[in-house]
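# Next one to model:
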Amino acid sequence: MALKAKLGIAPIAWTNDDLPQLGGDTSLETCLSESHLAGFLGVETGGKFPKTSQALKPQLKEYHLQLVSGWYSGTLLDNDVEAEKAKVLSQLQLFKECGAACLVYGETAGTIQNRQDIPLNQRRRLTDEQIRIYGEKLTQFASFCADFGVPLAFHHHMGTAIEDEHDIDRLMAATGPAVGLLFDSGHLVFAGVDPLQILEKHGTRINHVHTKDVRAPVMQSLKRDHDSFLDAVLKGVYTVPGDGCIDFDAIVHKLASIGYQGWFVVEAEQDPAKAPPYEYACIGYETLKKSLTGAGYTLQENA
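Model (predicted):
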């Protein structure tokens, strides 16, 4: 049986919630219409998206798009599970009503991903005991999300407490199967991790895929004791598949061998003035389409 894949895109290429100077004046309508024109089947949410299904569904329908998923700023590291459940409820309701595949959970307690004044090497780091306690809470929270009908996909992310291979390995060991792993090629490479290693070790836990590429010369030029994550974004460290150093054919083939099916999302934050979003969306789409068909996936096409 052929593996099925769907291509989605995140609005961060058009407008960046953490850096309003990047596309802050770009409308949601522009993002949605260009996502559809580039061939994408779905979109993830962003700051400009409506917060109710009554408002969001008609907009998605107008542009023939599905709701893929979206970022949730989790604080379980410093919060108790019941308080976090109350905090997530409205987003879970929106995602369930709109048919989202999962909730993208990013741990933002103590994060420096949105702080331009703090360098990359000063991110929060956790002891094994802290990871153990966190893993228990995260598993409870993920079970709640799954029971609600919106599985959790945990997003390892630069500038957060779960960034590198050691962090991911420990978190996967400390959590139950309810905690899915979001695989993000760009964040892994930026963190010094071989993406294929993560697929080899944790492939069965992966329930969502973000495809971003990395401009190696920019990454290598960064001073991690001086440059922040946002500085790196402004300098152009990230781009779409096909415009950087990552081998997506190898990644997609590995995902196929694991049996991963579902969404492949282009999520590459960069300056829209330097990287016109529609043009780069098309590059990402064509690159992934080629990799996916080459690996034996059947691509669900846009209506």
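# Following the chain past the longest helix seen in the chain, name the next helix or strand.
Looking across the chain with DSSP state H, the single longest helix is helix 128-148. Using DSSP states H and E, the helix or strand that follows helix 128-148 in sequence is strand 152-155.
# Whichever helix or strand comes after that following strand versus helix 128-148: what angle between them?
Counting by DSSP H and E, the next helix or strand C-terminal to strand 152-155 is helix 165-174. Counting by axes from the mean of the first three to the mean of the last three Cα atoms, to 10 degrees, helix 165-174 points 60 degrees away from the direction of helix 128-148.
# Show me which residues of helix 165-174 are buried.
For helix 165-174, burial by neighbour count (16 or more other Cβ atoms under 10 Å) applies to 165, 167-168, 170-172, 174. (C-beta placed from N, C-alpha, C; glycine too.)
# Over to stretch 34-50?
Buried-residue list, stretch 34-50, by 16+ other Cβ under 10 Å: 34-36, 38-46, 48-49.
# Please identify which two of those are farthest apart in space.
The span of the buried residues of stretch 34-50, defined through Cβ to Cβ, is set by G39 and K48 at 21.7 Å.
# can you list contacts of whichever strand or helix holds L255?
Secondary structure assignment for L255, by DSSP H and E: helix 248-258. Residues from elsewhere that reach helix 248-258, judged by Cβ atoms under 8 Å, 6 or more residues apart in numbering: 3, 183, 185, 195-196, 199-200, 203-204, 206, 209, 211, 213, 241-242, 264, 287-288, 291-292, 294-297.
# rerun at 6 Å
Helix 248-258 has contacts (Cβ atoms under 6 Å, 6 or more residues apart in numbering) with 3, 185, 195-196, 199, 203, 241, 291-292, 295-296.
# Check which residues of that helix are buried.
Using 16+ other Cβ under 10 Å as the test for burial, helix 248-258 gives 248, 251-256.
# Please compute how far that helix lies from its chain's middle.
Mean-position distance between helix 248-258 and its chain equals 18 Å (Cα atoms, centre = their mean, to the nearest Å).
# just checking, next helix/strand downstream of that helix?
Sequence order places strand 262-266 as the next helix or strand after helix 248-258, per DSSP H and E.
# what about the residue nearest to T111 when sequence neighbours are not counted, how many residues close to it?
Nearest non-adjacent residue to T111, counting by Cβ to Cβ, 6 or more residues apart in numbering: T160, 4.8 Å away. For T160, the tally of surrounding residues (other Cβ atoms under 10 Å) stands at 23.
# Please enumerate the helices of the stretch 201-303 of the chain.
Using DSSP state H, counting those that start in this stretch, the helices of the stretch 201-303 of the chain run over 216-221, 229-235, 248-258, 277-294.
# To D80, which of these lies closest?
Here helix 229-235 is closest among these (Cβ to Cβ), at 27.6 Å.
# can you list contacts of that closest one?
Taking Cβ under 6 Å, 6+ apart as the rule, helix 229-235 contacts 113, 116, 158-159, 218, 222, 269.
# do that again at 7 Å, thanks
18-19, 112-113, 116, 120, 158-159, 218, 222, 269-271 (Cβ atoms under 7 Å, 6 or more residues apart in numbering).
# Please check those and keep the buried ones.
Buried members of these, counted by 16+ other Cβ under 10 Å: 19, 112-113, 120, 158-159, 218, 222, 269-271.
# G24 is in contact with T15, isn't it?
Yes: under the criterion of Cβ atoms under 7 Å, G24 makes contact with T15 at 6.2 Å.
# Which of these two has more residues huddled nearby?
Taking neighbours as other Cβ under 10 Å, G24 and T15 compare with T15 leading, 23 against 13.
# quick one: that one is in a strand?
No: counting by DSSP: H, G, I helix; E, B strand; the rest coil, T15 is not found in a strand; it is coil.
# How about it: what's its closest non-neighbour residue?
G23 (3.8 Å).
# Just give the number of residues close to that neighbour.
As a burial measure, G23 scores 24 neighbours (other Cβ under 10 Å).
# which SS state does it fall under?
Quick answer, by three-state DSSP: G23 is coil.
# Surely it and P11 touch.
No: the criterion here is Cβ under 7 Å, and G23 misses it with P11 at 8.8 Å.
# And the residue nearest the centre of this structure?
H210 (4.8 Å; Cα atoms, centre = their mean).
# my read: that residue touches L182, true?
Yes: under the criterion of Cβ under 7 Å, H210 makes contact with L182 at 6.3 Å.
# ok, the residue nearest to T15 - contacts?
G23 is in contact with 14-16, 272, counting by Cβ under 7 Å, 6+ apart.
# Perfect, I'm done here.
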